[in-house]
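Okay, here's the prediction I keep looking at, along with the sequence it came from:
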Amino acid sequence: MDFKQYIRVIPDFPQPGIRFKDITTLLKDGPAYHAAIQELAVFAQEVEAEVIAGPEARGFVVGAPLSYEMKIGFVPIRKSGKLPYESIKADYNLEYGKDALAVHVDAIQPGQRVLIADDLLATGGTIETTIQLIEQLGGKVVGAAFLIELGYLDGRSKLGNIPVKSLIQY
Ligand SMILES: O=P(O)(O)OC[C@H]1O[C@H](OP(=O)(O)OP(=O)(O)O)[C@H](O)[C@@H]1O
Ligand SMILES: Nc1ncnc2[nH]cnc12
């Protein structure tokens, strides 16, 4: 399926110069959303993922259905200050700002095979921070799956040897 046709590009959002890739136009199309998750599930099987981790918020709409499809667990990586239990936290930079992510200390078992899922790979700051948190808990990141990859920002370089799957490239 040509998933790119379902993405709406908004110029100058949220800041001048940013071409924002709007995934809501894909999400509202049932067959396209389902096909996208199915394709990422093939990758998740190939890398033998045991759990999916997704960064808030758009990582939830990719990671949660993927974990449901795979019948494996989902770990939310949340923006700082949202998690109720003991957590670890890391700061990071984005294409348009900065933020912090956190995860519960007991979210991942040591040695567990973790696939990270998100809607979009841009500078790689979010994924790099997510990897750092998972590895700090002893998890093994076996792959990273995205709907969209902005190749011109070279986020892949933050992933080292970790296998990457993206359905749409710009
Ligand atoms: O590769 P990067 O440069 O880190 O950018 C990609 C991240 O940016 C967006 O999230 P954002 O922080 O805007 O949050 P949201 O999902 O809550 O909208 C997107 O959903 C990715 O997680
Ligand atoms: N250009 C972009 N469009 C949508 N989400 C993003 N996250 C980071 N950069 C983005």
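Alright, I've got the coordinates. Ligands and ions are numbered 1, 2, ... in the order given.

Just give me the neighbour total for residue 2.
8 (other CB atoms under 10 Å). Any C-beta I mention is one placed from the backbone N, CA and C, and that applies to glycine too.

Torsion angles phi and psi at it?
phi -90, psi 90 (degrees, to the nearest 10).

buried residues in the longest helix that the chain contains?
Ranked by number of residues, the top helix in the chain under DSSP state H is helix 30-46. Within helix 30-46, the residues scored as buried using 16 or more other CB atoms under 10 Å are 32, 33, 35, 36, 37, 40, 41, 43, 44.

Tell me how far the next helix or strand after that helix lies from the chain's centre.
Sequence-wise, the next helix or strand downstream of helix 30-46 (DSSP states H and E) is strand 51-55. Distance of strand 51-55 from the chain centroid (CA atoms, centre = their mean, to the nearest Å) equals 7 Å.

Strand 51-55 vs helix 30-46, what angle?
120 degrees (axes from the mean of the first three to the mean of the last three CA atoms, to 10 degrees).

Can you name every helix or strand that whichever helix or strand comes after strand 51-55 contacts?
For strand 51-55, the following helix or strand on the C-terminal side (DSSP H and E) is helix 58-70. Applying 3 or more CB pairs under 8 Å, 6 or more residues apart in numbering; DSSP states H and E, one finds that helix 58-70 makes contact with helix 30-46, strand 51-55, strand 73-79, strand 113-121, strand 140-149.

anything in helix 58-70 sitting right up against ligand 2?
No: judged by CB under 6 Å from any ligand atom, helix 58-70 stays clear of ligand 2, getting no closer than 7.4 Å.

and this protein, which of its residues are near ligand 2?
18, 19, 20, 21, 94, 95, 120, 122.

any idea how far the first one lies from ligand 1?
The one in question is residue 18. Counting by CB to the nearest ligand atom, to the nearest Å, the gap from residue 18 to ligand 1 is 10 Å.

what's the answer for the fifth one, then?
Computed with CB to the nearest ligand atom, the distance linking residue 94 and ligand 1 is 5 Å.

That residue against residue 125, yeah?
Yes: Residue 94 is within contact range of residue 125, at 5.6 Å (criterion: CB atoms under 8 Å).

Okay then, goodbye and thanks.
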